[in-house]
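Peer 1: need coordinates for the below:
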Amino acid sequence: MPKRFKKILDIYPPKKIEEIPFEKVAGWQKSKLKKGLIFLLFLLIFAGSFSYFKLPRAEILIWPETEILSFKEKIIAQTKIFQLDFSNKIIPARIFEVEEEESQEFPSTGRFLKEEQAKGTIRVFNAYSTSSQVLVQNTRFISAEGKLFRSLERVMIPGGKYEGGKLAPGFLDIKVIAAEAGEDYNISPTTFSIPGFTGTPRYTAIYGKSFSPMEGGFKGEVSQVTKEDLEKAKNFLTDKISAKAEDSLKNKIGQDFVLLETAKKKEILEVQPSVQAGTEANSFNFQAKVKLKAISFKKSDLENFAREFIISQISQEKEIQQESLKINFGSESIDFDSEKIALNLEFSAKVFRKINEQQLKESFKGKSLEEIKIILVDQPSIQRTEIKFWPFWVKRAPGKMEIKLNID
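Peer 2: Next comes the predicted model:
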C-alpha cells in the first residue's frame, strides 16, 4: 500500500497590498507643500529682521593731520642705575664679560743645516807599565774603521798590576767626540788606537775599546721654530679666540640689549708658546686666553626716553603715533673705569591731535551720512574722512559703529 506524505507549508503566503486612493495621496502632498512654504516664509522674515536689526553697521575712517617732530639729545648709559632717570637723561647699562681660551698646533717654517758630532765612551787600557799614563785633552783615537775621535779632557790612565807574574792592564773610561759631524761616525762598538804613539812600544800597549755605539752624529737640514712663526701663531690664535668670544658675548647679551662695537674692550690674558724661537722642531703648540668686556644697554630704554621726551614737548591734546618713532644713536665717549657710555641720540615721531572716539560715536548715532560729514568738518586737525554704511539700505548711523584712525 503506497505511503501518503503530508504537505508542510513553512512559508507564509503574501498579503494582499491595500490600494490607496489617488485623492488621499494628493491631499498629503498639498499639506507638505503648504507647511514647507510657511517655514520658508518664516525663515525669510527672521533673516530679514536679523539683517535689519543686527547687521547694520557704520565704519568711519579718519585721517588726522600729522607733523613730524625731530630732536637731538645727549644721554648717558650707566651701570648701577636700574631704571630710566629722565630728568638727568640717564638710562641703565650693564657690564657683560666672557673669557675664552684655546690651544692649537702650528707647523714650523724655519730651516737650518744641523751638524752634530757623534759622542760616546771609550775604555782606555794601560798594558805598558805599572806607571800611570797622562793623555792630554783632544788626544786622538782611531777606530778600527778609521774614524777619528778626540778625548774631551785631560785624563790619567792608571798603570797595570802584576798578577801571577803577568801585568794586568789598568784602565779608565773617558768621553770622546768625533772629529767631524755626520751619521758616518755613529759606529758600533769597536777597538781604538792612539796615533800619537805610532812607532813606540806604547802604540800596542795603550789602546781603547768601546762597549756601546757612538751616537748623535748628524748632518742635514732640519725644521726650526722662528720668531715669525710664533708671532703668526699668536695673531691667528688670538683672532680666532676673539671671534669666539664675540659670539659668546652676543649669545650672553641676547636680543634685548644693544652691543656697540666701540663699547667693547678686549684683553689678552695669556699667550704661551710651548717652545722658544730657534728651537728645533717640526711643529709647536700655542695657547692663548682672551677676555672680552662690553657695556650694553636696552634699546627699549632708548625708545622710552625718546617717547617720554617727545611727550614732554607737545601739548596734552596731542599724542604720538607709536609706530612712527625712529631712533639713531652712536657713542660719543666710553669710560670703562666708571662703566658708562655717552650717547648722541637722534629721534623723531609723527604726532597728531587726539580724537575722542566715544564722544564722536555718541554724536554720530542716528545721523545721516551728510550730517556726519558736517560734524567731522567741524573737528579740528582732520585731513580727510571716509564714511561707510552697511548694508546698502542703511541711511542713518546705527548703534554699531567703528572709528578707524589712519596715520599717513
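Peer 1: residue contacts, Arg140?
Peer 2: Neighbouring residues of Arg140 by CB atoms under 8 Å, 6 or more residues apart in numbering: 148-150, 179, 194-196. Just so you know, the C-beta spots here come from the backbone N, C-alpha and C atoms, and that holds for glycine as well.
Peer 1: neighbours of Gly110, just the number please.
Peer 2: Gly110 has 17 neighbours, counted by other CB atoms under 10 Å.
Peer 1: is it in a bridge, and if so with what?
Peer 2: Beta-bridge partners for Gly110, by DSSP bridges, are Gln224.
Peer 1: so what pLDDT did it get?
Peer 2: Per-residue pLDDT puts Gly110 at 95.
Peer 1: ok, now Phe53?
Peer 2: Phe53 is assigned 49 on the pLDDT scale.
Peer 1: returning to that earlier point: name the nearest of the contacts of Arg140 relative to Phe389.
Peer 2: For the contacts of Arg140, the closest approach to Phe389 (CB to CB) belongs to Ala179, at 118.6 Å.
Peer 1: what secondary structure does that closest one sit in?
Peer 2: Of the three states, Ala179 takes strand according to DSSP: H, G, I helix; E, B strand; the rest coil.
Peer 1: for the nearest residue to it once chain neighbours are set aside, give its distance to Lys250.
Peer 2: What sits nearest to Ala179 in space, not counting adjacent residues and going by CB to CB, 6 or more residues apart in numbering, is Leu148, at 4.1 Å. According to CB to CB, to the nearest Å, Leu148 stands 69 Å off from Lys250.
Peer 1: right, and Pro398 touches Pro56 too?
Peer 2: Yes - taking CB atoms under 8 Å as the definition, Pro398 is a contact partner of Pro56 at 4.0 Å.
Peer 1: what touches both of the two?
Peer 2: Contacts common to Pro398 and Pro56, judged by CB under 8 Å, 6+ apart, are Phe389.
Peer 1: pop out the phi and psi values for the residue nearest the centre of the chain.
Peer 2: In the chain, the residue lying closest to the centroid (CA atoms, centre = their mean) is Asp247, at 3.3 Å. In terms of degrees, to the nearest 10, the main-chain angles of Asp247 are phi -60, psi -40.
Peer 1: where do the helices sit along this protein?
Peer 2: 22-53, 202-205, 227-253, 299-313, 357-364, 369-377 (DSSP state H).
Peer 1: tell me the average confidence for the fourth one?
Peer 2: I take that to be helix 299-313. pLDDT averaged over helix 299-313 gives 95.
Peer 1: flag every buried residue along stretch 235-253.
Peer 2: 237-238, 241-242, 244-246, 249, 253 (16 or more other CB atoms under 10 Å).
Peer 1: equivalent analysis for stretch 366-385, please.
Peer 2: Buried positions in stretch 366-385, judged by neighbour count with 16+ other CB under 10 Å: 372, 376, 382, 385.
Peer 1: the second one touches Arg384, doesn't it?
Peer 2: Same thing as Leu376. No - in this structure, Leu376 is not within contact of Arg384 by CB under 8 Å, at 9.3 Å.
Peer 1: now do stretch 176-184, average pLDDT.
Peer 2: pLDDT averaged over stretch 176-184 gives 97.
Peer 1: and if you look at stretch 76-88?
Peer 2: Stretch 76-88 comes out at a mean pLDDT of 94.
Peer 1: equivalent analysis for stretch 141-160, please.
Peer 2: Rounded mean pLDDT across stretch 141-160 is 97.
Peer 1: what's the domain layout of this protein?
Peer 2: 95-109+224-295, 113-221 (automatic domain parsing).
Peer 1: and the pLDDT for the closest residue to Leu269 other than its chain neighbours?
Peer 2: Distance criterion CB to CB, 6+ apart; nearest residue to Leu269, sequence neighbours excluded, is Lys289 at 4.3 Å. Per-residue confidence (pLDDT) for Lys289: 96.
Peer 1: ditto for Glu116
Peer 2: 96.
Peer 1: and for Glu317?
Peer 2: Reported pLDDT for Glu317: 91.
Peer 1: give me phi/psi at it?
Peer 2: phi -80, psi -10.
Peer 1: what about it, neighbour count?
Peer 2: The number of residues near Glu317, taken as other CB under 10 Å, comes to 10.
Peer 1: also Ala397?
Peer 2: 23.
Peer 1: now do the strands in the stretch 1-150 of the chain.
Peer 2: For the stretch 1-150 of the chain, the strands defined by DSSP state E, counting those that start in this stretch occupy 57-64, 66-78, 90-92, 94-107, 110-126, 133-135, 140-143, 148-151.
Peer 1: now render these as a markdown table, adding distance to Ile320.
Peer 2: Listed next are the strands of the stretch 1-150 of the chain as a markdown table, based on distance: least, CB to CB, whole Å:
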| stretch | distance to Ile320 |
| --- | --- |
| strand 57-64 | 12 |
| strand 66-78 | 9 |
| strand 90-92 | 19 |
| strand 94-107 | 28 |
| strand 110-126 | 68 |
| strand 133-135 | 104 |
| strand 140-143 | 101 |
| strand 148-151 | 97 |
